[in-house]
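# Model the following, please.
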Amino acid sequence: MSETGTPEIASAGGPRVRPVPAVTRSIAILRLLGRGGEPMTLKAISQELGMVTSTCLHILRVLVEEGLVKVDPGAKRYSLGVGMLTLARSVIESNPFPALAQPVLDRIANAASVTAIGVEVSGSDHMVVLALSRSNAPFRLHVDVGSRFPALISATGRLVAAFADLSEKELERRFKALRWDQAPEFAAWKADVDAVRRQGYSVDRNNYINGVVVIAVPVFDSHQRLTHALVAAGLAEQLDAARVESLAAELQGEARALSQLMAARS
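Okay, here's the model as predicted:
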């Protein structure tokens with residue numbers, strides 16, 4: 001408990017974080033507006049988030065005042081404001097990974113006819129797409145720059161699990177909360193995680209999305225901590241074992257070069 005008697009949240013391996021409801025609700029509103037794309041009414045936002053309407057309105061007014069949300073005066077519908085662009089630009093300008101990774105992703109996507117993705121690993125909780133390249137192939141993965149996923153899902157999740165300092169009990173707890181098209185057994189998934197440390201890459205075939213193969217390789221910082229990953233996704237029928245191994249080797253070479261560039265800039 002905190003000194004005020006408010007319960008605190010203990011994150012795995014990190015400091016205890018005291019809940020701040022106003023901040024949590026503000027972030028939830030921004031994420032909701034970002035996901036939907038279409039402007040939403042106050043009633044729709046409060047109902048979607050299970051929030052008291054008056055509380056939701058007070059938060060929206062502050063977000064509008066700060067330019068993070070805009071409101072159509074006539075229709076009274078809310079959407080993300082241009083202030084979000086300023087914040088996003090600041091993040092991109094202060095993070096060299098998207099600019100360094102984009103040429104790599106473009107080459108891989110065009111040469112292998114896959115969707116190539118660069119993600120940032122946000123601890124052991126989430127990963128965020130920072131860069132993306134699509135091929136001319138008819139296959140399209142529903143992902144965009146800024147998309148956010150649970151850290152342990154798919155091939156990238158196996159990387160995170162392999163290099164995160166989490167107990168097997170904690171890994172199993174988080175694993176059970178994941179949503180897959182064809183969920184693997186925990187024992188099989190854990191064996192894949194153990195294999196990542198030996199082979200240096202991870203493969204998800206049909207688990208996360210049926211009919212799709214996802215390959216992921218780690219990008220480390222100067223202290224050999226996993227910070228980012230390079231990911232390639234394509235149709236399972238086009239990515240047999242030999243092609244997967246070849247593409248994984250290519251991704252590993254690019255990831256090593258990126259790791260060195262990122263370390264030199266840190």
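
# rest of the way, CA atoms for contacts and neighbours
Fine.

# quick one: contacts of the helix or strand residue 171 falls within?
Element membership for residue 171 (DSSP states H and E) is helix 168-176. By CA atoms under 8 Å, 6 or more residues apart in numbering, the surrounding residues in contact with helix 168-176 are 152, 161, 186.

# The last one - how many residues pack around it?
Neighbours of residue 186 under the rule other CA atoms under 10 Å: 13.

# quick one: contacts for it?
Counting by CA under 8 Å, 6+ apart, residue 186 has contacts 172, 175.

# One more: the second one?
If a contact means CA under 8 Å, 6+ apart, then residue 161 has 124, 152, 171, 193 as its contacts.

# Please flag which of those sit within helices.
Secondary structure from DSSP state H places 171, 193 of the contacts of residue 161 in helices.

# I'd like the contacts of residue 161 as a markdown table, with distance to residue 204, pLDDT and neighbour count appended.
A markdown table is the format used below for those (distance: CA to CA, whole Å; pLDDT from 0 to 100; neighbours: other CA atoms under 10 Å):
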| residue | distance to residue 204 | pLDDT | neighbour count |
| --- | --- | --- | --- |
| 124 | 19 | 72 | 21 |
| 152 | 12 | 94 | 22 |
| 171 | 17 | 93 | 17 |
| 193 | 11 | 95 | 22 |
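
# how near is the residue of the chain most remote from its centre to residue 41?
Using CA atoms, centre = their mean, the residue of the chain lying farthest from its centre is residue 74. It sits 35.7 Å away. For residue 74, the distance to residue 41 (CA to CA, to the nearest Å) stands at 11 Å.

# With residue 98 instead?
Distance from residue 98 to residue 41, by CA to CA: 34 Å.

# Please say which of the two ends up with more neighbours.
With neighbours defined as other CA under 10 Å, residue 98 and residue 41 compare such that residue 98 has more, 19 against 15.

# where along the stretch 101-250 of the chain do the helices fall?
154-163, 168-176, 186-199, 241-265 (DSSP state H, counting those that start in this stretch).

# Hmm, residue 130 is touching residue 146, no?
Yes - if you go by CA atoms under 8 Å, residue 130 and residue 146 touch, sitting 6.1 Å apart.

# Which one's more surrounded, those two?
residue 130 (22 against 15).

# where does that one land on pLDDT?
Looking at residue 130, its pLDDT stands at 89.

# List the beta-bridge partners for residue 220.
residue 226 (DSSP bridges).
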